[in-house]
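Trainee: missing the sequence, but the structure's below:
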């Protein structure tokens, strides 16, 4: 990691193209590289995954370098912050000092409850279960994430949004009604344990004449 940080610092100083990058101009590359990781995973191309993850890591290091040049933070700060966050948000595994607990919860539900409790303690003023969901997620991913949040809020005894009816809904003529239909389809997929976003990507690949697992 230290060598990668050194290489990026040198490129920022001596490469005109790298030197002209900004947080804003890097956004499109970060999104593109993240989707290439998704493509590698869904295509089962494990031999490509390390390289694609490296491309995502490059984006993180670049953003950290830009911030360091402006005196805000550096890569070490990023690593320290996420490490502390993982320890803090996983008290079922770690003690506050970072050492391992003597025993661990048996169910995923217990883990989710502890995670949500820590997040709520961090931001006690947050009452909206949808706060913090990136608004620019792809539409179906955003719908499924929102349904998950509402369900978790309800299970935790907090006010949430009721799930849309998980029943077949006919497609109507207006865009608003079509949106309601797609939300209901997402809810039905979630009830059956499916990932609606991945299912749609697969359907698009088939529509394009591309078989599952091919580029």
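Mentor: Now that the structure is in, tell me what you want to look at. From a predicted model like this one, the values you see are computed outputs, not experimental measurements.

Trainee: For the lengthiest helix in the chain, the averaged confidence score.
Mentor: The longest helix of the chain (DSSP state H) is helix 46-69. If you average the pLDDT over helix 46-69, you get 97.

Trainee: One more: stretch 101-121?
Mentor: 81.

Trainee: buried stuff in it?
Mentor: The neighbour-count check on stretch 101-121 (16 or more other Cβ atoms under 10 Å) flags 113, 114, 116 as buried. For glycine as for every other residue, the C-beta is placed from the backbone atoms N, C-alpha and C.

Trainee: Does the second one touch residue 94 like I think?
Mentor: In other words, residue 114. No: using Cβ atoms under 8 Å, residue 114 is not in contact with residue 94; the gap is 11.1 Å.

Trainee: Tell me where this protein has helices.
Mentor: Under DSSP H, the chain gives helices at 2-14, 16-19, 23-42, 46-69, 75-89, 108-122, 139-155, 175-191, 196-207.

Trainee: and the gap between residue 12 and residue 32?
Mentor: Here residue 12 is placed at a distance of 20 Å from residue 32 (Cβ to Cβ, to the nearest Å).

Trainee: more crowded one of the two?
Mentor: residue 12 (17 against 12; other Cβ atoms under 10 Å).

Trainee: How about the contacts made by the more buried one?
Mentor: Shown in contact with residue 12 (Cβ atoms under 8 Å, 6 or more residues apart in numbering): 18, 19, 21, 65, 66, 69.

Trainee: mind running it again at 10 Å?
Mentor: Going by Cβ atoms under 10 Å, 6 or more residues apart in numbering, residue 12 touches 18, 19, 20, 21, 62, 65, 66, 68, 69.

Trainee: ok, now residue 135?
Mentor: Going by Cβ under 10 Å, 6+ apart, residue 135 touches residue 142.

Trainee: where's it relative to residue 181, distance?
Mentor: Remark: distance between residue 135 and residue 181 (Cβ to Cβ) = 22 Å.

Trainee: per-domain residue ranges of the protein.
Mentor: When the chain is parsed with automatic domain parsing, its domains come out as 2-88, 127-207.

Trainee: which one of those lies closest to residue 104?
Mentor: The closest of the domains of the chain to residue 104 is domain 2-88. By Cβ to Cβ, the value is 14.4 Å.

Trainee: and the closest one, how far from the chain's centre?
Mentor: Chain-centre distance of domain 2-88: 15 Å, with Cα atoms, centre = their mean, to the nearest Å.

Trainee: Could you tell me the end-to-end distance of it?
Mentor: Taking Cα to Cα, to the nearest Å, domain 2-88 runs 26 Å from one end to the other.

Trainee: List the beta-bridge partners for the residue lying closest to residue 87 once chain neighbours are set aside.
Mentor: Excluding its sequence neighbours, the residue lying closest to residue 87 (Cβ to Cβ, 6 or more residues apart in numbering) is residue 94, at 4.5 Å. Under DSSP bridges, the beta-bridge partners of residue 94 are residue 100.

Trainee: What count of nearby residues applies to residue 94?
Mentor: 15.

Trainee: Spit out the contact partners of it.
Mentor: 86, 87, 88, 100, 101.

Trainee: circling back to that earlier point, filter the contacts of residue 12 down to the buried ones.
Mentor: The buried subset of these - by 16+ other Cβ under 10 Å - is 21, 62, 65, 66, 68.
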